[in-house]
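> Below are the sequence and a predicted model for it; my questions follow.
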Amino acid sequence: MKSERRGVVIAIGVLLLSAVLGGIYGPNVRATAASADDYQTAVRNFTRVLDVVQSNYADQVDVDKAVYQGAIPGMLRMLDPHSSFFDSKQFALLREDQRGKYYGVGMIVAPQQNHTVVMAPYAGAPAYNAGIRPGDVILKVDDKSTDQLSTTEVADLLKGPKGTVVKITVSREGYPEPLVFTVTRDEIPR
């Protein structure tokens, strides 16, 4: 019993001695918090630089691209190479992937000969129920032409809040006139 008590007293003594020596000889570390003025100054400086670039650059500067794809990812790489920045569109896609569902018409589309073509509507999905078939070429989404749009942009137009209506104009082989389908968006499981 005496040896146990002596062991506890020695352990406490070593801890106290370590604390005292660490307090005296250890590095002097103090946490500092940046003030709101520091943040405002940094933002003000950044906007000044951006204004100078906009007014003096040879071409027109896409500010969203410069900030969301340039400045912010660059700062993150310098501060923490393991972090990623998502703009609002990328974040929405990430959340959609995490949830395993999205709201839309429910079909696979792909590019073919500078057009967006329906590869397959999902069985039971709104596009399938409306009568859209594989091979249909999407010409318009809500009266917006798809001529200059990528397949991803067309797919984004087809997505939307649950219960909203989208008008899809397609050309179909064997039909001289375009076909118009009115489809109500619903939850589409991935």
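Received the coordinates, thanks.
> from here on, contacts and neighbour counts on C-alpha atoms
OK.
> can you list the domains in the protein?
40-85, 101-189 (the TED database).
> Now do the helices in this structure.
2-25, 36-56, 63-65, 72-79, 88-99, 126-130, 151-158 (DSSP state H).
> ok, residues contacting the fourth one?
Same thing as helix 72-79. Applying C-alpha atoms under 8 Å, 6 or more residues apart in numbering, the contact partners of helix 72-79 are Ser83, Ser84, Phe85.
> Ok, which of the helices of the chain comes nearest Thr116?
Judged by C-alpha to C-alpha, the one of these that comes nearest to Thr116 is helix 151-158, at 5.5 Å.
> now that closest one, how far from the centre of its chain.
16 Å (C-alpha atoms, centre = their mean, to the nearest Å).
> That one - contacts with which helices or strands?
Using 3 or more C-alpha pairs under 8 Å, 6 or more residues apart in numbering; DSSP states H and E, the elements in contact with helix 151-158 are strand 107-112, strand 115-121, strand 137-141.
> re earlier: so which of the helices of the chain comes closest to Val109?
Closest to Val109 of the helices of the chain is helix 151-158 (C-alpha to C-alpha; 7.1 Å).
> most packed of the domains of the chain?
domain 101-189 (a mean of 17; mean count of other C-alpha atoms under 10 Å).
> pLDDT wise, what is Thr151 at?
In this prediction, Thr151 carries a pLDDT score of 90.
> and it, how far is that from Leu76?
According to C-alpha to C-alpha, to the nearest Å, Thr151 and Leu76 sit 31 Å apart.
> shaky segments in the chain?
Applying pLDDT under 70 to the chain picks out residues 1-3, 7-9, 13-34, 93, 96-100, 190.
> Go again with 50.
When residues are selected by pLDDT under 50, none of them lie in the chain.
> and the gap between the nearest residue to Asp142 once chain neighbours are set aside and Arg185?
Leaving aside its sequence neighbours, Asp142 sits nearest to Lys167 (C-alpha to C-alpha, 6 or more residues apart in numbering; 4.8 Å). Distance of Lys167 to Arg185, given as C-alpha to C-alpha: 10 Å.
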